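take a look and give me a structure for this.
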Amino acid sequence: MAGLKKKRRVQLIGLGFVCMTAAFCAIYFAVGDTFQYFYSPSNIVDKRPVDGKIIRIGGLVVEGSIFVDGTVTKFTVTDGRATIPVTFTGILPDLFAEGQGMIATGTLANGLFEAKEILAKHDEEYMPKEVADALKEQGFYKPIEE
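Next up, the predicted model:
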């Protein structure tokens, strides 16, 4: 009888392990590409993501690069080392401006980033963390002085 209890216990532990592994695999494959990685313009130039894949890019809007034609806005984003042209159809955030940090979500096609959503800084001291980190990495970050 003691041998049977031990055998059942081992079987239950094994079954529990198989179930946990199956649950982990199901979650891993279900999530897939739903987590969006942040790219700086130099990341895109160095290791170009697949065209059509939804990604996020961020950096500083280049001075003098904003061109507005109705609801279509074209501008360039830089991280100090590389630049990427961006096009956006829609209404921009009120605080979107040249020389300011921004993050855009969209797709890359033939070297042009087609943004579906634009996030801009919300006050004079804020810059998205990913943008600040990328700019620091490039040696281009200038903290706000008080």
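
give me the longest helix you can find in this structure.
In the chain, assigned by DSSP state H, the helix with the most residues is helix 2-31.

pairing partners for the helix or strand just after that helix, with directions?
Going down the chain from helix 2-31, the next helix or strand is strand 38-39, by DSSP states H and E. Strand 38-39 pairs in its sheet with strand 54-61 (parallel), by DSSP bridges.

what sits up against the partner strand?
The contact list for strand 54-61 (C-beta atoms under 8 Å, 6 or more residues apart in numbering) reads 33, 36-41, 44, 49, 75-80, 84, 86, 96-108, 113, 116, 128, 130-131, 134-135. Quick note: C-beta positions are derived from backbone N, CA and C, even for glycine.

of those, keep whichever come out buried.
Neighbour counting with 16 or more other C-beta atoms under 10 Å marks 38-41, 44, 75-80, 84, 86, 96, 100-108, 113, 128, 130-131, 134-135 as buried within these.

quick one, what contacts the residue nearest to Lys53 when sequence neighbours are not counted?
In space, and not counting its chain neighbours, Lys53 is closest to Thr107: 6.6 Å by C-beta to C-beta, 6 or more residues apart in numbering. Contacts for Thr107 were tallied using C-beta under 8 Å, 6+ apart; they are 51-55, 113-114, 116.
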